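Colleague: Could you look at this predicted model? Sequence included:
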Amino acid sequence: MSYVGPDFDPPRPPRRSRRGPLTIAVAALVPGALVGWLVWQAVGDSGGGGSDGSVTQSSPSPPDTSASDAPFSPTTGTDDADVMEPGKSSSPSSSSTSRPAASGPLKGKVVVIDPGHNPGNFLHATEINRQVDIGTNSKECDTTGTSTNDGYTEARFTLDVSQRLRTLLEKQGATVKFTQEGDRPWGPCVDERARIGNKAKADAVISIHADGSGPGNRGFHVILPGAVNEGEADTRPIVAPSRELGERIAGNLVSATGSAPSNYIGDGTGLDVRTDLGGLNLSTVPKVFIECGNMRDSKDAALLTSGAWRQKAAHGISAGIVSFLRG
Ligand SMILES: [Zn+2]
């Protein structure tokens, strides 16, 4: 989500200044994927009326624990027609240790997946509200994340997509590491999330999120690190490769899901550049965030709560990462 806490600042008006150059840049990098994107933009409902920048600022409601589908248990969803493969569900040891890599084109490559917002953050307000240094300033350790109006939490969503993504990347031979897998009570803090990627010497890091914006605001966007050189933060070496990573993910996500880029951030490019996120500022390896959709919009929520759509999204993100790592 993008309205509170260390990951995201309060909502800002949509930016409209970079459409041309960014679109051209993406076209140069991912022409195949972009064809689908441009076709979509040509024939789709671009939702131009929903870009007034208004967003929901209220705190997300804690998950409805009376629901039958156990919001705190990311692998027990009832809508997962294509559930994770056996053995891929969360386990206490899997987020802190790299698992053996299979052979494949990504053998030797390390990918760190950061499922945004631990599902337990709701129960640890004191811990996640403490301030951490992100280089440019200090921010809260972490936030709870948002949820759909029906109580499907962002934390649960991000874990599910991350697990699907891990399966796909491991099939390509990548070594995949998680920052958390719901296997710790809360956190980690955003600075630690960044350091996990750094320590792993990751070839690519993806932080998975879903937004909590206003109804009518739809679609995904990928957040790229802007140039920061302050305190412990020096993103200058990762700005260019992170952009390439993000553009490839955005293009492939369109192809895989048929979903359009955000109609309220990035002016149709599906890309946004930020310098206020600790998870990006403190990274020394190529890293992007993805906001897969807006949980507070009913149409986007219908997609985000669909296991079939999440599988498509994982495919798109995986294809982008594979494309980036294979060069
Ligand atoms: Zn989030």
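Modeller: Nice, thanks for sending it over. Not measured: the values here are computed from a predicted model.
Colleague: Pull up the per-residue confidence for the nearest residue to residue 195 once chain neighbours are set aside.
Modeller: Leaving out its chain neighbours, the residue that sits closest to residue 195 by Cβ to Cβ, 6 or more residues apart in numbering is residue 282, at 6.8 Å. For glycine as for every other residue, the C-beta is placed from the backbone atoms N, C-alpha and C. The model reports residue 282 with a pLDDT of 97.
Colleague: Return the residues in contact with residue 282.
Modeller: Neighbouring residues of residue 282 by Cβ atoms under 8 Å, 6 or more residues apart in numbering: 134-135, 190-191, 194-195, 198, 232-233.
Colleague: among the residues you listed, which are in helices?
Modeller: 190-191, 194-195, 198 (DSSP state H).
Colleague: ok, of the residues you listed, which one's closest to the ion?
Modeller: Taking Cβ to the ion as the measure, the ion sits nearest to residue 190 out of the ones in helices among the contacts of residue 282, at 10.5 Å.
Colleague: tell me the mean pLDDT for the strand or helix carrying residue 312?
Modeller: Residue 312 is part of helix 307-326 when elements are defined by DSSP states H and E. Mean pLDDT, helix 307-326: 98.
Colleague: What residues sit buried inside it?
Modeller: Residues 307, 309-325 are the ones in helix 307-326 that count as buried (16 or more other Cβ atoms under 10 Å).
Colleague: Show me what it is packed against.
Modeller: Counting contacts by 3 or more Cβ pairs under 8 Å, 6 or more residues apart in numbering; DSSP states H and E, helix 307-326 is packed against helix 154-171, strand 204-211, helix 236-257.
Colleague: now the ones in helices among the contacts of residue 282 in CSV, with pLDDT?
Modeller: CSV is the format used below for the ones in helices among the contacts of residue 282 (pLDDT from 0 to 100):
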residue, pLDDT
190, 96
191, 95
194, 97
195, 97
198, 98
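Colleague: Residue 284 contacts residue 198, correct?
Modeller: Yes. Applying Cβ atoms under 8 Å, one finds residue 284 in contact with residue 198, separated by 4.7 Å.
Colleague: Can you check what pLDDT the model gives whichever residue of the chain sits closest to the ion?
Modeller: Of the residues in the chain, the one nearest the ion is residue 209, at a distance of 3.4 Å by Cβ to the ion. As summarised for this prediction, residue 209 has a pLDDT of 98.
Colleague: Tell me the bridge partners for it.
Modeller: For residue 209, the beta-bridge partners are residue 291 (DSSP bridges).
Colleague: Was I right to think it contacts residue 293?
Modeller: No. Using Cβ under 8 Å as the test, residue 209 is too far from residue 293 to be in contact (9.8 Å).
Colleague: about what we covered before: show me the two of the contacts of residue 282 that sit farthest apart.
Modeller: By the measure Cβ to Cβ, those have their two most distant members at 134 and 198, which lie 13.8 Å apart.
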